Structure formats: structure tokens, C-alpha cells
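Asker: no sequence on hand, only this structure:
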């Protein structure tokens, strides 16, 4: 009888753990977009775009509503002809306002900058998902390459963290001259397994590795060796998968990457020169 009692207790324990796990997976499945895209947690940001000379505010018409984008032309002193341009996808706890002043360094290199917001972020309508973000970036890209002051043969796609997913999805649909992935992941499905969630529950998989494997143009992978959110091994895997890849490793984590912005911009300039974009 005692033996049977222990077996029954073990069965009850295993069943309880299983039910708790099912509940955990259901919780993730229901709230995953709020977890992956925590735009509701971001404070209101007072825009400073009016302080940037020449900046253009663009409203993208998408099926989820109007989405904001900003274009910064190259700094004065550069050739007035068609310039290279970078289209940037930011991290999941950021808005385009965060990158305005830092990305002026691109304009100092003679590169135009298109900062694209995610639906539901900042002043943009809609809600974020792989589908809605892809739609916004495709619209922004098409507007960018149609500009007479932009060289459509020298478009750089740049993604940071979750933005690496948006960048790779765009690179799969539109031509570009180079791809820059900073502190990003192999896929969201693989990231979910880190939290013991089966990959098939992920609604927005963002399979970056598959795109990088098929991408023929130069790929720059930048990753912090001590990244506590997206492990360094993800960056290494993306670099190793690239046909024409370069990897830069910094001694930093996720949100303090790069540790030295002057070094970062020297590295970016060298990469763009080697890729014959500038």
C-alpha cells in the first residue's frame, strides 16, 4: 500500500508540473506580443526632430494606420548627387527619437538616414507584429529608393536587437547593398526555447539565419561578448552563416553596446568603404 501511495503522489506531482507548464505556455501564447513588443511600457517622448536641419517627417500609409518615419539627408559638404542611404530598425524598447542624434554620424559620412517607427510605437497607429512591421518597412523602403537624391544601388539595411528581424525580413523582399545586424538573434523561435516555450507557439518568428544564409552582399555582425539578453553565440552563428560576412565583437552586454561610440563609427565607416558604398 505504501508503495502504491508513493506512486500515486509521484503521478500527482508530475501532473501538477505538467499543468503548470501548460498554463505557462498559454500565458506566453496570449501575451507574447506584449512581451516581445513592450511599446505600452515606453514613456511619452517629446520629439526633437524640428532641431535637425533638413529632416523630413514622412507618414506611411499602412493597413494598420499611419506609421511615422524620418529622413535625414547627408550633411552639407557632401556631393549633391544621389547618395547612399541606410534604413534602420530599432530595438523593442526604443522609438526612432532615441537614434536621431546618434545617427547624424551616418549623415557626416555622406549617407542619408531613414528611421522607421514600428506600428503602435511613439506617435504611430496600429499594433506591432511581424506582418505590420514588415509592411511599414516595405513602404518606407519604396519611398526611400524613389527619391532622386538617393542611390537605390547603395541601400544599407541596419537592424538592432528585435530590429534585426525587421531588417532581415526587408532584405528578403527588397535589394540592398549591405546588411548590418547589431546585437540580434538567430530566430525568435530559438529565443523562445531559452524560456522553455515550444517554438511553434511563436507568432512572429523572424528567422534571421535563413535570410543571412542566402544573402550575397556584405553582412556586418556586431555583438557584445557578454550580451545577457541575446547570447553572443547568436551573433557568431549569423556571422558564420553569411557568405560575405564580417564580425565585430565588443566587450559589452546588450544595452551598453557599443562601449565606445567613436570606435563604433570608425568601424562602420571602414565597413562601408570596404563594401564600396562610400
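Answerer: Here it is on my side, so go on. This is a predicted model, so every value here is computed, not measured.

Asker: so which bits of stretch 59-69 are buried?
Answerer: Of the residues in stretch 59-69, those scored as buried under the neighbour-count criterion (16 or more other Cβ atoms under 10 Å) are 60, 62, 64-65, 67-69. Every C-beta, even on glycine, is put in place using the N, C-alpha and C of the backbone.

Asker: so which of those are in strands?
Answerer: The strands, defined by DSSP state E, take in 60, 62, 65, 67-69 from those.

Asker: tell me which two in those residues are the farthest apart.
Answerer: Based on Cβ to Cβ, the longest span within these runs between 65 and 69 and measures 13.5 Å.

Asker: sorry, back to before: quick one: the buried residues of stretch 59-69 as CSV, columns for distance to residue 175 and pLDDT too.
Answerer: As requested, the buried residues of stretch 59-69 are exported to CSV (distance: Cβ to Cβ, whole Å; pLDDT from 0 to 100):
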residue, distance to residue 175, pLDDT
60, 20, 97
62, 21, 95
64, 25, 87
65, 28, 95
67, 22, 97
68, 25, 96
69, 19, 97
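
Asker: and of those, the nearest to residue 19?
Answerer: Nearest to residue 19 among those, counting by Cβ to Cβ, is residue 64 at 36.3 Å.

Asker: now the helices for the stretch 1-150 of the chain?
Answerer: The residue ranges that make up the helices of the stretch 1-150 of the chain, judged by DSSP state H, counting those that start in this stretch, are 2-36, 104-108, 130-145.

Asker: rebuild the ones you listed as CSV, extending it with mean pLDDT.
Answerer: As requested, those are exported to CSV (pLDDT from 0 to 100):
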stretch, mean pLDDT
helix 2-36, 74
helix 104-108, 95
helix 130-145, 97
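
Asker: to residue 221, which of these lies closest?
Answerer: Proximity to residue 221 (Cβ to Cβ) singles out helix 104-108 among the helices of the stretch 1-150 of the chain, at 18.4 Å.

Asker: okay but residue 33 is in contact with residue 131, surely?
Answerer: No: proximity of residue 33 to residue 131 does not meet the contact threshold set by Cβ atoms under 8 Å, at 11.2 Å.
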